[in-house]
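Novice: I need the structure of the sequence given here:
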Amino acid sequence: MLTTRFVDGAPNWIDLGTPEIDGAVSFYNGLFGWQFQSAGPDAGGYGFFRLDGRTVAGGMQTTPEQGPPSWNVYFRSEDAQATAKAAEQAHGSVLAQPMDVMDRGRLAVLSDQAGVTFGIWQPGATKGVEAASDPGALCWVELYTPDIAAAAAFYHKVLGLETSGVPFPGGTYTCVNPAGGDDDSVFGGMVPLAEDPAEAQTGAYWLPYFEVEDPDAVVEKAQQTGGKVRMPATTLEGVGRMAKLADPYGARFAVIRSEPRG
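Specialist: Numbering: from 1, shown residues only. Sure thing, here's the model as predicted:
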């Protein structure tokens, strides 16, 4: 599970790029109770989504030239420069070279061998989000990719990630964890695009999951406030009740009420 005890290779930050930040703030406040706080006049409009005094995500208004509306997942690295080089060597790309973000940390934006964008955050004063796996916070990430084996090899070379197969009714799910981690360190999974026709239409990407207490209520609220239901609330035995959504501007995410671990 995701925690704020960040280790190399695990997600430690997430942010939203949206064409209308005020509308997005209103939407996510209705769903999760988030408040938005500017990062200051030198941050170029960037700010923080906060819940009960803790930062759970970042966000900013973006232009079409900066890409479509989306949630962006960042993974911890001790050396952003070395990670960017490793991505190139593994047939990925560096979309934004490593750069310092004041004294907060060092940022890079990369893409994997299938063209999926993801970020790297080398911690400085900011270690990462201040809440994980609590209601209203990031709890899981999932990669939809055309080739599980190729994706697993790429992220192992670049971030040291390890994968394992977990059987479930109808098939096997590929879990992802940091190097040397145990079952409790699993933070996400990989899903073949071919197994999900709806996802196959939109292409490969990382999907963030946010923990919620009532997925059905969140789905209803999302529909009332301009969001789109991409997968209705569904219960998966041993996992929890989940739904896939998009906000009014098209950024995709999922919500889940996780089943308690035994």
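Novice: my read: Asp147 touches Ala114, true?
Specialist: Yes: Asp147 is in contact with Ala114 according to Cβ atoms under 8 Å; the separation is 6.8 Å. In short, each C-beta sits where N, CA and C put it, glycine included.
Novice: I'd like the next helix or strand past the one helix or strand in the chain whose mean pLDDT sits lowest.
Specialist: Ranked by mean pLDDT, DSSP states H and E, the helix or strand of the chain with the weakest confidence is helix 197-200, at a mean of 69. Using DSSP states H and E, the helix or strand that follows helix 197-200 towards the C-terminus is strand 205-211.
Novice: Name the residues of whatever helix or strand comes next after that following strand that come out as buried.
Specialist: Next along the chain after strand 205-211, taking DSSP H and E as the criterion, comes helix 215-224. For helix 215-224, the neighbour count (16 or more other Cβ atoms under 10 Å) marks 215, 218-219, 221-222 as buried.
Novice: What is helix 215-224 packed up against?
Specialist: On a contact count with 3 or more Cβ pairs under 8 Å, 6 or more residues apart in numbering; DSSP states H and E, helix 215-224 meets helix 21-32, strand 228-236, strand 240-246, strand 252-258.
Novice: In JSON lines: those, plus distance to Gly170, mean pLDDT and mean neighbour count.
Specialist: Output for those, formatted as JSON lines (distance: least, Cβ to Cβ, whole Å; pLDDT from 0 to 100; neighbours: other Cβ atoms under 10 Å):
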{"stretch": "helix 21-32", "distance to Gly170": "30", "mean pLDDT": "98", "mean neighbour count": "19"}
{"stretch": "strand 228-236", "distance to Gly170": "10", "mean pLDDT": "95", "mean neighbour count": "14"}
{"stretch": "strand 240-246", "distance to Gly170": "16", "mean pLDDT": "97", "mean neighbour count": "21"}
{"stretch": "strand 252-258", "distance to Gly170": "19", "mean pLDDT": "97", "mean neighbour count": "21"}
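Novice: any chance of these in JSON lines, with distance to Ala131 too?
Specialist: Formatted as JSON lines, those follow (distance: least, Cβ to Cβ, whole Å):
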{"stretch": "helix 21-32", "distance to Ala131": "11"}
{"stretch": "strand 228-236", "distance to Ala131": "23"}
{"stretch": "strand 240-246", "distance to Ala131": "18"}
{"stretch": "strand 252-258", "distance to Ala131": "15"}
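Novice: Ok, which of the ones you listed comes nearest Ile120?
Specialist: Ile120 sits nearest to strand 252-258 of all those, at 20.6 Å, using Cβ to Cβ.
Novice: which helices and strands does that closest one pack with?
Specialist: Strand 252-258 sits against strand 70-76, strand 138-145, strand 205-211, helix 215-224, strand 240-246, with contacts defined as 3+ Cβ pairs under 8 Å, 6+ apart.
Novice: Okay, now the sheet partners of the last one, with direction.
Specialist: This points to strand 240-246. Sheet pairing of strand 240-246 (DSSP bridges) gives strand 228-236 (antiparallel), strand 252-258 (antiparallel).
Novice: Return the closest of the buried residues of helix 215-224 with respect to Tyr205.
Specialist: Proximity of these to Tyr205 (Cβ to Cβ) peaks at Ala222, which lies at 19.0 Å.
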